[in-house]
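>>> the sequence isn't on hand, but the structure is:
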(Lines give C-alpha, C1' and ligand atoms only; values in the text may rest on other atoms or scores of the structure.)
Protein backbone atom coordinates (compact mmCIF):
# COMPACT_ATOMS: atom_id res chain seq x y z
CA UNK A 1 0.00 0.00 0.00
CA UNK A 2 2.20 2.75 -1.32
CA UNK A 3 2.40 5.44 -3.94
CA UNK A 4 3.78 3.98 -7.14
CA UNK A 5 5.48 6.31 -9.63
CA UNK A 6 6.54 4.59 -12.84
CA UNK A 7 10.23 5.05 -13.63
CA UNK A 8 11.51 7.60 -16.13
CA UNK A 9 8.14 8.96 -17.16
CA UNK A 10 7.23 11.80 -14.84
CA UNK A 11 8.84 15.26 -15.05
CA UNK A 12 7.53 15.68 -11.53
CA UNK A 13 8.26 18.35 -8.99
CA UNK A 14 5.96 18.56 -6.01
CA UNK A 15 6.00 19.00 -2.27
CA UNK A 16 4.05 16.71 0.06
CA UNK A 17 2.47 18.91 2.68
CA UNK A 18 -0.15 18.56 5.40
CA UNK A 19 -2.10 21.82 5.34
CA UNK A 20 -5.03 23.34 7.22
CA UNK A 21 -7.47 25.59 5.37
CA UNK A 22 -10.32 27.87 6.27
CA UNK A 23 -12.71 27.19 3.40
CA UNK A 24 -15.74 29.32 2.70
CA UNK A 25 -16.90 27.66 -0.52
CA UNK A 26 -16.07 24.10 -1.48
CA UNK A 27 -16.03 22.83 -5.05
CA UNK A 28 -18.02 19.71 -5.84
CA UNK A 29 -14.90 17.95 -7.10
CA UNK A 30 -14.15 14.46 -5.99
CA UNK A 31 -14.44 10.77 -6.78
CA UNK A 32 -17.92 9.30 -6.87
CA UNK A 33 -18.31 5.57 -6.29
CA UNK A 34 -21.00 2.94 -5.80
CA UNK A 35 -22.24 3.48 -2.25
CA UNK A 36 -21.06 0.00 -1.22
CA UNK A 37 -17.47 1.07 -1.96
CA UNK A 38 -17.53 3.89 0.59
CA UNK A 39 -15.81 3.48 3.93
CA UNK A 40 -17.89 3.61 7.11
CA UNK A 41 -16.41 7.02 7.90
CA UNK A 42 -17.29 8.39 4.44
CA UNK A 43 -20.84 7.08 4.84
CA UNK A 44 -21.22 8.59 8.32
CA UNK A 45 -19.86 11.97 7.20
CA UNK A 46 -22.28 12.05 4.27
CA UNK A 47 -25.29 11.09 6.38
CA UNK A 48 -24.39 13.73 8.97
CA UNK A 49 -24.08 16.36 6.25
CA UNK A 50 -27.44 15.36 4.81
CA UNK A 51 -29.15 15.71 8.19
CA UNK A 52 -27.43 19.09 8.67
CA UNK A 53 -28.98 20.26 5.38
CA UNK A 54 -32.40 20.41 7.07
CA UNK A 55 -33.97 18.20 4.43
CA UNK A 56 -37.28 19.07 2.79
CA UNK A 57 -39.00 20.65 5.78
CA UNK A 58 -37.63 24.17 5.49
CA UNK A 59 -38.47 26.38 2.53
CA UNK A 60 -35.01 27.98 2.61
CA UNK A 61 -33.01 24.72 2.59
CA UNK A 62 -31.30 23.68 -0.61
CA UNK A 63 -32.88 20.22 -0.63
CA UNK A 64 -36.32 21.79 -0.53
CA UNK A 65 -35.25 24.49 -3.00
CA UNK A 66 -34.12 21.97 -5.62
CA UNK A 67 -37.15 19.76 -5.04
CA UNK A 68 -39.64 22.62 -5.27
CA UNK A 69 -38.04 23.89 -8.48
CA UNK A 70 -37.95 20.38 -9.91
CA UNK A 71 -41.66 19.96 -9.27
CA UNK A 72 -42.69 23.40 -10.53
CA UNK A 73 -40.60 23.13 -13.70
CA UNK A 74 -40.90 19.41 -14.32
CA UNK A 75 -42.02 19.82 -17.93
CA UNK A 76 -39.05 22.05 -18.82
CA UNK A 77 -36.54 19.57 -17.39
CA UNK A 78 -38.00 16.25 -18.61
CA UNK A 79 -39.26 14.51 -21.73
CA UNK A 80 -38.71 17.34 -24.18
CA UNK A 81 -37.85 17.55 -27.86
CA UNK A 82 -34.40 17.96 -29.32
CA UNK A 83 -34.55 21.75 -29.12
CA UNK A 84 -34.93 21.98 -25.36
CA UNK A 85 -34.06 18.61 -23.81
CA UNK A 86 -31.76 19.33 -20.86
CA UNK A 87 -32.44 16.25 -18.75
CA UNK A 88 -28.84 15.08 -18.30
CA UNK A 89 -27.27 18.50 -17.87
CA UNK A 90 -29.84 19.83 -15.41
CA UNK A 91 -29.51 16.87 -13.08
CA UNK A 92 -25.71 16.97 -13.25
CA UNK A 93 -25.74 20.65 -12.29
CA UNK A 94 -28.27 20.12 -9.47
CA UNK A 95 -26.27 17.22 -8.06
CA UNK A 96 -23.02 19.18 -7.97
CA UNK A 97 -24.84 22.15 -6.38
CA UNK A 98 -26.14 19.97 -3.57
CA UNK A 99 -22.81 18.21 -3.11
CA UNK A 100 -21.04 21.54 -2.84
CA UNK A 101 -23.61 22.68 -0.26
CA UNK A 102 -23.13 19.51 1.81
CA UNK A 103 -19.39 20.15 1.85
CA UNK A 104 -20.00 23.71 3.03
CA UNK A 105 -22.57 22.82 5.69
CA UNK A 106 -20.41 20.11 7.17
CA UNK A 107 -17.09 21.91 6.72
CA UNK A 108 -15.83 18.62 5.30
CA UNK A 109 -14.31 18.88 1.84
CA UNK A 110 -14.20 15.07 1.48
CA UNK A 111 -18.00 14.64 1.44
CA UNK A 112 -19.28 13.16 -1.82
CA UNK A 113 -22.66 11.81 -2.88
CA UNK A 114 -22.10 8.30 -4.28
CA UNK A 115 -24.11 6.53 -6.93
CA UNK A 116 -26.51 3.64 -6.46
CA UNK A 117 -25.72 0.92 -8.99
CA UNK A 118 -29.08 -0.78 -8.81
CA UNK A 119 -27.87 -3.76 -10.86
CA UNK A 120 -25.50 -4.58 -8.00
CA UNK A 121 -27.99 -3.64 -5.25
CA UNK A 122 -31.49 -4.39 -6.60
CA UNK A 123 -33.21 -5.39 -3.34
CA UNK A 124 -35.10 -3.57 -0.57
CA UNK A 125 -32.96 -5.53 1.89
CA UNK A 126 -29.71 -4.01 0.58
CA UNK A 127 -27.64 -1.84 2.91
CA UNK A 128 -28.67 1.42 1.25
CA UNK A 129 -32.14 1.24 2.81
CA UNK A 130 -31.00 0.23 6.30
CA UNK A 131 -30.41 2.24 9.47
CA UNK A 132 -26.80 3.19 8.79
CA UNK A 133 -27.60 4.51 5.32
CA UNK A 134 -30.67 6.39 4.09
CA UNK A 135 -33.30 4.30 5.86
CA UNK A 136 -33.70 6.74 8.80
CA UNK A 137 -34.75 9.58 6.47
CA UNK A 138 -37.97 7.85 5.46
CA UNK A 139 -40.19 8.65 8.47
CA UNK A 140 -39.05 12.12 9.65
CA UNK A 141 -38.89 13.41 6.10
CA UNK A 142 -42.28 11.85 5.21
CA UNK A 143 -40.90 10.06 2.16
CA UNK A 144 -43.37 7.13 2.23
CA UNK A 145 -41.10 4.72 0.40
CA UNK A 146 -42.48 1.36 -0.68
CA UNK A 147 -41.63 -1.55 1.59
CA UNK A 148 -41.39 -3.88 -1.40
CA UNK A 149 -41.58 -3.68 -5.17
CA UNK A 150 -41.66 -6.07 -8.09
CA UNK A 151 -40.04 -3.51 -10.40
CA UNK A 152 -36.88 -4.86 -12.02
CA UNK A 153 -33.70 -3.03 -10.98
CA UNK A 154 -31.15 -5.38 -12.55
CA UNK A 155 -30.68 -3.23 -15.63
CA UNK A 156 -27.13 -4.08 -16.70
CA UNK A 157 -28.19 -5.31 -20.15
CA UNK A 158 -30.27 -2.18 -20.80
CA UNK A 159 -27.32 0.01 -19.84
CA UNK A 160 -24.98 -1.92 -22.14
CA UNK A 161 -27.41 -1.45 -25.03
CA UNK A 162 -27.85 2.27 -24.33
CA UNK A 163 -24.10 2.84 -24.40
CA UNK A 164 -23.96 1.62 -28.02
CA UNK A 165 -26.28 4.42 -29.20
CA UNK A 166 -24.39 7.00 -31.27
CA UNK A 167 -27.01 9.77 -31.39
CA UNK A 168 -27.00 11.88 -28.23
CA UNK A 169 -30.66 12.90 -28.29
CA UNK A 170 -31.80 9.33 -28.90
CA UNK A 171 -29.53 8.15 -26.08
CA UNK A 172 -30.68 10.85 -23.66
CA UNK A 173 -34.40 11.08 -24.37
CA UNK A 174 -35.32 7.50 -25.19
CA UNK A 175 -32.54 5.10 -24.18
CA UNK A 176 -32.12 6.58 -20.69
CA UNK A 177 -34.64 9.22 -19.60
CA UNK A 178 -37.75 7.50 -20.93
CA UNK A 179 -36.53 3.98 -20.23
CA UNK A 180 -36.30 1.70 -17.21
CA UNK A 181 -32.76 3.01 -16.59
CA UNK A 182 -34.22 6.27 -15.28
CA UNK A 183 -37.87 5.50 -14.55
CA UNK A 184 -37.55 2.29 -12.54
CA UNK A 185 -35.49 3.81 -9.72
CA UNK A 186 -38.28 6.30 -9.04
CA UNK A 187 -41.09 3.74 -9.23
CA UNK A 188 -39.19 1.06 -7.27
CA UNK A 189 -38.41 3.44 -4.39
CA UNK A 190 -41.94 4.83 -4.35
CA UNK A 191 -43.48 7.59 -2.28
CA UNK A 192 -41.86 10.99 -2.79
CA UNK A 193 -39.42 9.46 -5.27
CA UNK A 194 -42.28 8.73 -7.66
CA UNK A 195 -43.42 12.38 -7.66
CA UNK A 196 -42.14 15.71 -8.91
CA UNK A 197 -40.81 16.34 -5.40
CA UNK A 198 -38.42 13.41 -5.72
CA UNK A 199 -35.23 15.41 -4.89
CA UNK A 200 -36.50 15.56 -1.28
CA UNK A 201 -35.48 11.91 -0.93
CA UNK A 202 -31.70 11.34 -0.64
CA UNK A 203 -32.27 8.33 -2.90
CA UNK A 204 -32.90 10.80 -5.74
CA UNK A 205 -29.28 11.90 -6.03
CA UNK A 206 -27.91 8.41 -5.39
CA UNK A 207 -30.07 7.24 -8.31
CA UNK A 208 -29.35 10.21 -10.56
CA UNK A 209 -25.62 9.97 -9.95
CA UNK A 210 -25.87 6.47 -11.42
CA UNK A 211 -27.76 7.92 -14.39
CA UNK A 212 -25.07 10.59 -14.62
CA UNK A 213 -22.33 7.94 -14.54
CA UNK A 214 -23.98 6.27 -17.54
CA UNK A 215 -23.81 9.61 -19.36
CA UNK A 216 -20.15 9.94 -18.34
CA UNK A 217 -19.44 6.45 -19.72
CA UNK A 218 -21.31 7.26 -22.93
CA UNK A 219 -19.34 10.48 -23.33
CA UNK A 220 -16.03 8.64 -22.88
CA UNK A 221 -17.04 6.16 -25.60
CA UNK A 222 -18.45 8.57 -28.17
CA UNK A 223 -16.57 11.82 -27.60
CA UNK A 224 -14.55 12.90 -30.63
CA UNK A 225 -11.74 15.20 -29.47
CA UNK A 226 -11.66 16.77 -32.95
CA UNK A 227 -15.33 17.80 -32.87
CA UNK A 228 -16.99 20.36 -30.59
CA UNK A 229 -19.49 18.73 -28.23
CA UNK A 230 -22.55 20.75 -29.17
CA UNK A 231 -25.23 18.37 -27.97
CA UNK A 232 -27.66 21.02 -26.76
CA UNK A 233 -29.63 23.69 -28.58
CA UNK A 234 -30.36 25.45 -25.31
CA UNK A 235 -27.61 27.75 -24.03
CA UNK A 236 -28.81 27.97 -20.43
CA UNK A 237 -30.41 25.72 -17.83
CA UNK A 238 -33.64 26.18 -15.86
CA UNK A 239 -32.67 27.46 -12.39
CA UNK A 240 -29.09 27.98 -13.59
CA UNK A 241 -29.39 30.67 -16.30
CA UNK A 242 -25.64 31.33 -16.48
CA UNK A 243 -24.79 27.67 -17.11
CA UNK A 244 -24.47 26.49 -20.71
CA UNK A 245 -25.41 22.78 -20.76
CA UNK A 246 -22.69 22.09 -23.33
CA UNK A 247 -20.15 23.15 -20.71
CA UNK A 248 -21.23 20.16 -18.60
CA UNK A 249 -20.89 17.37 -21.17
CA UNK A 250 -17.69 16.10 -19.56
CA UNK A 251 -18.05 15.54 -15.78
CA UNK A 252 -14.38 16.48 -15.45
CA UNK A 253 -15.47 20.06 -16.17
CA UNK A 254 -16.73 19.98 -12.56
CA UNK A 255 -13.78 17.98 -11.27
CA UNK A 256 -16.00 14.92 -10.92
CA UNK A 257 -14.63 11.43 -11.59
CA UNK A 258 -16.43 8.10 -11.35
CA UNK A 259 -14.80 5.06 -9.75
CA UNK A 260 -15.92 1.55 -10.57
CA UNK A 261 -14.98 -1.97 -9.50
CA UNK A 262 -12.06 -0.89 -7.32
CA UNK A 263 -10.49 1.60 -9.74
CA UNK A 264 -10.68 5.39 -10.05
CA UNK A 265 -8.94 6.94 -13.08
CA UNK A 266 -8.21 10.67 -12.82
CA UNK A 267 -7.21 12.21 -16.15
CA UNK A 268 -7.65 15.19 -18.47
CA UNK A 269 -8.10 17.69 -15.68
CA UNK A 270 -6.37 20.81 -14.42
CA UNK A 271 -6.60 21.65 -10.73
CA UNK A 272 -7.78 25.25 -10.41
CA UNK A 273 -8.77 25.69 -6.73
CA UNK A 274 -11.58 27.95 -7.91
CA UNK A 275 -13.85 27.06 -5.01
CA UNK A 276 -11.54 25.48 -2.49
CA UNK A 277 -8.05 25.89 -1.07
CA UNK A 278 -7.20 22.27 -1.85
CA UNK A 279 -8.98 19.91 -4.23
CA UNK A 280 -9.65 16.53 -2.60
CA UNK A 281 -9.92 13.16 -4.34
CA UNK A 282 -10.51 10.17 -2.08
CA UNK A 283 -11.21 6.50 -2.83
CA UNK A 284 -10.43 3.58 -0.57
CA UNK A 285 -9.31 1.35 -3.44
CA UNK A 286 -6.88 2.14 -6.27
CA UNK A 287 -6.46 5.65 -7.66
CA UNK A 288 -4.62 5.98 -10.97
CA UNK A 289 -3.77 9.40 -12.34
CA UNK A 290 -2.15 10.40 -15.60
CA UNK A 291 -3.02 11.46 -19.16
CA UNK A 292 -2.98 15.24 -18.68
CA UNK A 293 -3.86 15.49 -14.99
CA UNK A 294 -2.13 18.75 -14.04
CA UNK A 295 -1.51 20.50 -10.73
CA UNK A 296 -0.19 23.91 -11.89
CA UNK A 297 2.11 26.17 -9.92
CA UNK A 298 0.26 27.89 -7.08
CA UNK A 299 -2.44 25.22 -6.93
CA UNK A 300 -3.09 22.44 -4.43
CA UNK A 301 -4.50 18.91 -4.66
CA UNK A 302 -4.66 15.86 -2.43
CA UNK A 303 -5.27 12.18 -3.16
CA UNK A 304 -6.02 9.67 -0.43
CA UNK A 305 -6.54 5.94 -0.61
CA UNK A 306 -6.51 2.90 1.65
CA UNK A 307 -4.70 0.76 -0.93
CA UNK A 308 -2.75 2.24 -3.85
CA UNK A 309 -2.09 5.51 -5.65
CA UNK A 310 -0.48 5.14 -9.07
CA UNK A 311 0.93 8.14 -10.94
CA UNK A 312 1.18 7.32 -14.63
CA UNK A 313 2.50 9.14 -17.72
CA UNK A 314 0.78 12.49 -18.13
CA UNK A 315 0.44 13.27 -14.42
CA UNK A 316 2.27 16.49 -13.65
CA UNK A 317 2.56 18.52 -10.47
CA UNK A 318 4.69 21.48 -11.51
CA UNK A 319 7.23 23.36 -9.46
CA UNK A 320 5.44 25.65 -7.03
CA UNK A 321 2.38 23.43 -6.68
CA UNK A 322 1.36 21.47 -3.61
CA UNK A 323 0.43 17.81 -3.99
CA UNK A 324 -0.25 15.36 -1.19
CA UNK A 325 -0.70 11.64 -1.82
CA UNK A 326 -1.77 9.88 1.37
CA UNK A 327 -2.36 6.17 1.91
CA UNK A 328 -3.66 4.94 5.25
CA UNK A 329 -3.94 1.17 5.54
CA UNK A 330 -6.70 1.24 8.16
CA UNK A 331 -8.58 4.09 6.39
CA UNK A 332 -8.53 6.11 9.63
CA UNK A 333 -7.73 9.42 7.97
CA UNK A 334 -8.86 11.45 10.98
CA UNK A 335 -6.06 9.93 13.05
CA UNK A 336 -2.33 9.98 12.55
CA UNK A 337 -0.92 7.35 10.20
CA UNK A 338 1.71 4.97 11.52
CA UNK A 339 4.52 4.85 8.97
CA UNK A 340 7.38 2.36 9.18
CA UNK A 341 10.90 3.41 8.19
CA UNK A 342 11.43 -0.11 6.90
CA UNK A 343 9.55 -0.63 3.61
CA UNK A 344 9.95 -4.39 3.85
CA UNK A 345 8.34 -4.56 7.26
CA UNK A 346 5.52 -2.34 6.05
CA UNK A 347 4.82 -4.70 3.19
CA UNK A 348 4.78 -7.66 5.56
CA UNK A 349 1.81 -6.10 7.32
CA UNK A 350 -0.21 -5.97 4.10
CA UNK A 351 -2.20 -9.20 3.78
CA UNK A 352 -3.23 -8.66 0.16
CA UNK A 353 0.04 -7.30 -1.22
CA UNK A 354 2.85 -9.33 -2.75
CA UNK A 355 6.40 -7.91 -2.45
CA UNK A 356 7.51 -9.84 -5.53
CA UNK A 357 4.67 -8.34 -7.54
CA UNK A 358 5.49 -4.84 -6.29
CA UNK A 359 9.08 -5.14 -7.47
CA UNK A 360 8.70 -7.19 -10.65
CA UNK A 361 5.46 -5.98 -12.26
CA UNK A 362 6.03 -2.31 -12.96
CA UNK A 363 4.14 -1.30 -16.10
CA UNK A 364 1.04 -2.22 -18.08
CA UNK A 365 -0.80 -0.54 -20.94
CA UNK A 366 -2.88 -1.27 -24.01
CA UNK A 367 -2.68 0.07 -27.55
CA UNK A 368 -4.53 1.27 -29.43
CA UNK A 369 -6.84 2.54 -26.71
CA UNK A 370 -9.58 3.50 -27.58
CA UNK A 371 -9.85 0.71 -30.18
CA UNK A 372 -12.33 -0.60 -32.73
CA UNK A 373 -11.80 -4.37 -32.92
CA UNK A 374 -8.49 -5.47 -31.41
CA UNK A 375 -6.09 -4.06 -28.85
CA UNK A 376 -2.73 -5.21 -27.54
CA UNK A 377 -2.17 -5.71 -23.81
CA UNK A 378 1.46 -4.97 -23.00
CA UNK A 379 3.16 -5.46 -19.64
CA UNK A 380 6.69 -5.67 -18.31
CA UNK A 381 8.22 -7.81 -15.58
CA UNK A 382 11.61 -7.68 -13.90
CA UNK A 383 11.54 -11.34 -12.85
CA UNK A 384 9.51 -14.50 -13.43
CA UNK A 385 5.93 -14.22 -12.21
CA UNK A 386 2.64 -16.11 -12.64
CA UNK A 387 -0.32 -14.00 -13.77
CA UNK A 388 -3.99 -14.40 -14.57
CA UNK A 389 -5.28 -11.89 -17.12
CA UNK A 390 -8.99 -11.26 -17.61
CA UNK A 391 -11.34 -8.77 -19.21
CA UNK A 392 -14.27 -7.70 -17.01
CA UNK A 393 -17.21 -5.34 -17.34
CA UNK A 394 -17.57 -2.32 -15.09
CA UNK A 395 -19.99 -4.34 -12.97
CA UNK A 396 -17.29 -6.96 -12.39
CA UNK A 397 -18.67 -9.62 -14.78
CA UNK A 398 -15.91 -11.60 -16.50
CA UNK A 399 -15.96 -11.16 -20.28
CA UNK A 400 -12.86 -13.15 -21.21
CA UNK A 401 -10.04 -15.04 -19.50
CA UNK A 402 -6.90 -14.40 -21.55
CA UNK A 403 -4.42 -16.22 -19.32
CA UNK A 404 -4.83 -18.29 -16.16
CA UNK A 405 -1.92 -18.54 -13.73
CA UNK A 406 0.59 -18.48 -16.57
CA UNK A 407 4.27 -17.87 -15.77
CA UNK A 408 5.93 -15.00 -17.61
CA UNK A 409 9.69 -14.51 -17.65
CA UNK A 410 11.45 -11.21 -17.09
CA UNK A 411 10.90 -8.82 -20.00
CA UNK A 412 8.18 -7.20 -22.09
CA UNK A 413 5.13 -9.27 -23.06
CA UNK A 414 2.24 -8.58 -25.43
CA UNK A 415 -1.15 -10.28 -25.77
CA UNK A 416 -3.50 -9.35 -28.60
CA UNK A 417 -7.14 -9.24 -27.56
CA UNK A 418 -9.81 -9.61 -30.24
CA UNK A 419 -12.94 -7.83 -29.01
CA UNK A 420 -14.83 -7.86 -32.30
CA UNK A 421 -17.93 -9.39 -30.70
CA UNK A 422 -17.83 -7.10 -27.68
CA UNK A 423 -20.34 -4.19 -27.50
CA UNK A 424 -18.95 -0.68 -27.42
CA UNK A 425 -18.18 0.45 -23.91
CA UNK A 426 -15.73 0.67 -21.04
CA UNK A 427 -14.03 -2.45 -19.69
CA UNK A 428 -11.19 -3.37 -17.37
CA UNK A 429 -8.25 -5.64 -18.07
CA UNK A 430 -7.10 -7.10 -14.74
CA UNK A 431 -3.61 -8.56 -14.42
CA UNK A 432 -3.50 -10.45 -11.13
CA UNK A 433 -0.81 -12.51 -9.39
CA UNK A 434 -1.41 -15.56 -7.19
CA UNK A 435 -1.77 -13.44 -4.03
CA UNK A 436 -4.36 -11.12 -5.50
CA UNK A 437 -2.20 -8.08 -6.28
CA UNK A 438 -3.81 -6.52 -9.35
CA UNK A 439 -2.83 -4.03 -12.01
CA UNK A 440 -5.75 -2.55 -13.98
CA UNK A 441 -5.96 -1.21 -17.51
CA UNK A 442 -9.09 0.66 -18.53
CA UNK A 443 -10.15 -0.35 -22.07
CA UNK A 444 -12.44 1.73 -24.27
CA UNK A 445 -14.04 0.05 -27.28
CA UNK A 446 -15.53 2.50 -29.74
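Cool, got the structure. All figures in this text were calculated on a predicted structure; none of them were measured in a lab.

>>> can you map out the helices along the stretch 51-200 of the chain?
Taking DSSP state H, counting those that start in this stretch as the test, the helices found in the stretch 51-200 of the chain are 62-72, 74-77, 87-106, 156-162, 168-169, 180-189.

>>> CSV for these, including mean neighbour count and mean pLDDT?
No exception for glycine: its C-beta is placed from N, CA and C like everyone else's. Formatted as CSV, the helices of the stretch 51-200 of the chain follow (neighbours: other C-beta atoms under 10 Å; pLDDT from 0 to 100):
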stretch, mean neighbour count, mean pLDDT
helix 62-72, 19, 92
helix 74-77, 15, 93
helix 87-106, 23, 93
helix 156-162, 17, 90
helix 168-169, 18, 94
helix 180-189, 20, 97
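
>>> nearest approach to residue 378 belongs to which of these?
helix 156-162 (26.9 Å; C-beta to C-beta).

>>> and that closest one, how far from the chain's centre?
18 Å (C-alpha atoms, centre = their mean, to the nearest Å).

>>> likewise for stretch 143-150?
That offset, for stretch 143-150, works out to 28 Å (C-alpha atoms, centre = their mean).

>>> just the buried positions in that stretch, please.
Neighbour counts over stretch 143-150 (16 or more other C-beta atoms under 10 Å) mark 143, 145, 149 as buried.

>>> the second one: what's it in contact with?
Read that as residue 145. In this structure, residue 145 makes contact with 129, 138, 189, 190, 191, 192, 193, 201, 203, judged by C-beta atoms under 8 Å, 6 or more residues apart in numbering.

>>> for the first one, same thing?
Contacts of residue 143 were listed using C-beta under 8 Å, 6+ apart, and they are 137, 191, 192, 193, 200, 201.

>>> quick one: which of the helices of the stretch 51-200 of the chain is nearest residue 368?
helix 156-162 (22.0 Å).

>>> follow-up on the earlier one: mind giving me JSON lines with the helices of the stretch 51-200 of the chain and columns for distance to residue 324?
Below are the helices of the stretch 51-200 of the chain laid out as JSON lines (distance: least, C-beta to C-beta, whole Å):
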{"stretch": "helix 62-72", "distance to residue 324": "30"}
{"stretch": "helix 74-77", "distance to residue 324": "39"}
{"stretch": "helix 87-106", "distance to residue 324": "18"}
{"stretch": "helix 156-162", "distance to residue 324": "35"}
{"stretch": "helix 168-169", "distance to residue 324": "38"}
{"stretch": "helix 180-189", "distance to residue 324": "37"}
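
>>> sort the buried residues of stretch 143-150 by pLDDT and name the bottom one.
Looking at the buried residues of stretch 143-150 by pLDDT, the weakest one is residue 149, with 90.

>>> that one contacts residue 188, doesn't it?
Yes. At 4.7 Å, residue 149 counts as touching residue 188 under the criterion of C-beta atoms under 8 Å.

>>> could you list the low-pLDDT ranges of this protein?
1-28, 58-60, 334-363, 395 (pLDDT under 70).

>>> residue 322: which of the contacts of residue 143 is nearest?
Among the contacts of residue 143, residue 137 lies closest to residue 322 (C-beta to C-beta), at 37.6 Å.

>>> just give the closest residue to the closest one, not the sequence neighbours.
Once flanking residues are discounted, residue 137 sits nearest to residue 202: 5.6 Å by C-beta to C-beta, 6 or more residues apart in numbering.

>>> so what's the residue positioned nearest the centre of the chain bridging to?
Central residue of the chain (C-alpha atoms, centre = their mean): residue 258, 1.4 Å from the mean position. The partner list for residue 258 in beta bridges (DSSP bridges) reads residue 32.

>>> can you pull the contacts of it?
Neighbour list for residue 258: 31, 32, 33, 115, 213, 216, 217, 251, 264 [criterion: C-beta under 8 Å, 6+ apart].

>>> can I assume residue 404 is in contact with residue 388?
Yes. Counting by C-beta under 8 Å, residue 404 does reach residue 388; the two are 5.1 Å apart.

>>> these two: which has the busier surroundings?
residue 388 (16 against 10; other C-beta atoms under 10 Å).

>>> sheet partners, orientation included, of the strand or helix carrying that one?
Taking DSSP states H and E as the criterion, residue 388 maps to strand 385-393. Sheet pairing of strand 385-393 (DSSP bridges) gives strand 398-408 (antiparallel), strand 425-433 (antiparallel).

>>> on that earlier part again, can you lay out the contacts of residue 258 as a markdown table showing distance to residue 158 and neighbour count?
Shown next, in a markdown table, are these (distance: C-beta to C-beta, whole Å; neighbours: other C-beta atoms under 10 Å):
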| residue | distance to residue 158 | neighbour count |
| --- | --- | --- |
| 31 | 25 | 26 |
| 32 | 21 | 27 |
| 33 | 22 | 26 |
| 115 | 16 | 25 |
| 213 | 14 | 22 |
| 216 | 17 | 22 |
| 217 | 13 | 19 |
| 251 | 21 | 21 |
| 264 | 25 | 24 |
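
>>> mind giving me the domain ranges of the chain?
3-19+259-339, 34-248, 355-445 (automatic domain parsing).

>>> quick one: the longest one to chain centroid distance?
The chain centroid and the centroid of domain 34-248 are separated by 14 Å under C-alpha atoms, centre = their mean.

>>> just to revisit the earlier point, so for residue 268, which of the helices of the stretch 51-200 of the chain sits nearest?
Residue 268 lies closest to helix 87-106 among the helices of the stretch 51-200 of the chain, at 17.1 Å (C-beta to C-beta).

>>> which neighbouring elements make contact with the closest one?
Applying 3 or more C-beta pairs under 8 Å, 6 or more residues apart in numbering; DSSP states H and E, one finds that helix 87-106 contacts helix 40-52, helix 62-72, helix 74-77, helix 203-222.

>>> and the strands in the stretch 151-300 of the chain, which stretches?
For the stretch 151-300 of the chain, applying DSSP state E, counting those that start in this stretch gives strands covering 256-258, 263-266, 269-270, 279-282, 286-289, 293-295, 300-305.

>>> in CSV: the ones you listed, plus distance to residue 81.
Formatted as CSV, those follow (distance: least, C-beta to C-beta, whole Å):
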stretch, distance to residue 81
strand 256-258, 28
strand 263-266, 35
strand 269-270, 33
strand 279-282, 38
strand 286-289, 40
strand 293-295, 38
strand 300-305, 41
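
>>> so which of the ones you listed is nearest residue 227?
Checking the strands of the stretch 151-300 of the chain against residue 227 by C-beta to C-beta gives strand 269-270 as the closest, at 20.4 Å.

>>> that closest one pairs with which strands, and in what direction?
Within its sheet, strand 269-270 is paired with strand 293-295 (parallel), according to DSSP bridges.

>>> about what we covered before: I'd like the strands paired with strand 385-393 as CSV, with distance to residue 283 appended.
As requested, the strands paired with strand 385-393 are arranged in CSV below (distance: least, C-beta to C-beta, whole Å):
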stretch, distance to residue 283
strand 398-408, 23
strand 425-433, 15
